[in-house]
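**Student:** need a structure here:
(one chain, ligands or ions: 3)
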Amino acid sequence: MPSPLKLVILDRDGVINHDSDDYVKSLDEWIPYPSAITAIARLSQAGWTVAVATNQSGIARGLYDETTLAAMHRELGRRVTAAGGEIAHIAYCPHGPDDGCDCRKPLPGLLEQIRDALALESLEGSWMVGDSLRDLQAGEPLGCRPVLVRTGKGERTLARGEGLRHALVFDDLAAFVDWLLQQTR
Ligand SMILES: O=P(O)(O)OC[C@@H](O)[C@H]1O[C@@H](OP(=O)(O)O)[C@@H](O)[C@@H](O)[C@@H]1O
Ligand SMILES: [Mg+2]
Ligand SMILES: [Zn+2]
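**Tutor:** Numbers count the residues shown, from 1 in each chain. Ligands and ions are numbered 1, 2, ... in the order given. The predicted model follows:
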């Protein structure tokens with residue numbers, strides 16, 4: 001397993017695929033950004049490990065089920081594989097805001113699942129890329145470096161501005177990957 005430093009953890013909705021204020025409720029509504037799929041493949045090909053950490057409260061809300069979610073994640077894997085990359089692990093929180101779970105971002109539970117699934121000692125120095133403050137907050141206690149993208153809810157998050165003091169900001173995932181691969185050539 002590569003050094004934990006070569007790990008990028010991605011939020012899903014608004015980073016990999018278009019988000020919706022009405023939730024992404026079906027495979028038809030799951031529309032990836034083509035540049036994000038290519039960016040993930042570029043990371044893989046450069047020796048980086050890529051994982052996903054996503055809140056999916058739509059399940060608790062009864063808007064879709066785990067079978068539908070699994071279909072979206074199969075399609076995500078298929079597209080990334082077709083582009084020459086791979087996703088090492090997808091961690092999701094199916095719970096609602098009032099369920100008192102320990103995995104709904106901004107709690108770090110999904111990232112701890114990823115750490116354990118990848119048999120890593122620590123996530124220190126890995127990158128957490130999101131479009132919402134809660135994505136970045138989830139990684140902070142585990143030493144993840146915060147990256148905000150302007151896609152999805154990113155512009156709204158920026159407009160609110162709270163708590164983003166040391167986050168890097170990029171237009172989209174592809175722009176972050178361009179920068180990261182340039183930094184670590
Ligand atoms: O960005 P990630 O974590 O991949 O997924 C976010 C989604 O689960 C949904 O999260 C909801 O937040 P609430 O769960 O209702 O607070 C809303 O923001 C929806 O617009 C959004 O599609
Ligand atoms: Mg998001
Ligand atoms: Zn949860």
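**Student:** only C-alpha atoms for contact and neighbour calcs from this point on.
**Tutor:** Noted.
**Student:** show me where the chain has strands.
**Tutor:** For the chain, strands defined by DSSP state E occupy the ranges 7-10, 49-55, 89-93, 127-130, 145-149, 168-170.
**Student:** quick one, which of those is nearest to residue 28?
**Tutor:** Residue 28 lies closest, by Cα to Cα, to one member of the strands of the chain: strand 49-55, at 18.3 Å.
**Student:** since we're on the residue of the chain found nearest ligand 2, how many residues are nearby?
**Tutor:** Nearest to ligand 2 in the chain, going by Cα to the ion, is residue 13, at a distance of 4.1 Å. Number of residues near residue 13 (other Cα atoms under 10 Å) recorded here: 25.
**Student:** Touching, it and residue 152? I think so.
**Tutor:** Yes. Look at residue 13 against residue 152 with Cα atoms under 8 Å: they come within range, at 7.0 Å.
**Student:** Common neighbours of these two, please.
**Tutor:** Contact criterion Cα atoms under 8 Å, 6 or more residues apart in numbering; residues shared by residue 13 and residue 152: residue 19.
**Student:** sorry, back to before: quick check: bridge partners of the residue of the chain closest to ligand 2?
**Tutor:** residue 17 (DSSP bridges).
**Student:** how near is the closest residue to residue 136 other than its chain neighbours to ligand 3?
**Tutor:** In space, and not counting its chain neighbours, residue 136 is closest to residue 146: 5.3 Å by Cα to Cα, 6 or more residues apart in numbering. With the distance defined as Cα to the ion, to the nearest Å, residue 146 ends up 21 Å from ligand 3.
**Student:** List the contacts of residue 146.
**Tutor:** So, once contact is read as Cα under 8 Å, 6+ apart, residue 146 ends up touching 127-130, 136, 139-140, 166-168.
**Student:** near ligand 2, which residues of the chain?
**Tutor:** Applying Cα under 5 Å from the ion, we find that the chain lies next to ligand 2 at 13-14, 131.
**Student:** switch the cut-off to 8 Å
**Tutor:** 11-15, 19, 54-55, 130-132, 135, 152-153 (Cα under 8 Å from the ion).
**Student:** which one of the residues you listed has the most neighbours?
**Tutor:** For the residues of the chain next to ligand 2, the largest number of neighbours (other Cα under 10 Å) sits with residue 130, at 32 neighbours.
**Student:** Between the residues of the chain next to ligand 2, which sits nearest residue 36?
**Tutor:** The shortest gap between residue 36 and any of the residues of the chain next to ligand 2 belongs to residue 15, at 7.4 Å (Cα to Cα).
**Student:** Relative to ligand 3, how far out is the closest one?
**Tutor:** From residue 15 over to ligand 3 (counting by Cα to the ion), the distance is 20 Å.
**Student:** and the angle for the lengthiest helix in the chain with strand 89-93?
**Tutor:** Assignment by DSSP state H gives helix 66-82 as the longest helix of the chain. On the basis of axes from the mean of the first three to the mean of the last three Cα atoms, to 10 degrees, helix 66-82 is oriented at 150 degrees to strand 89-93.
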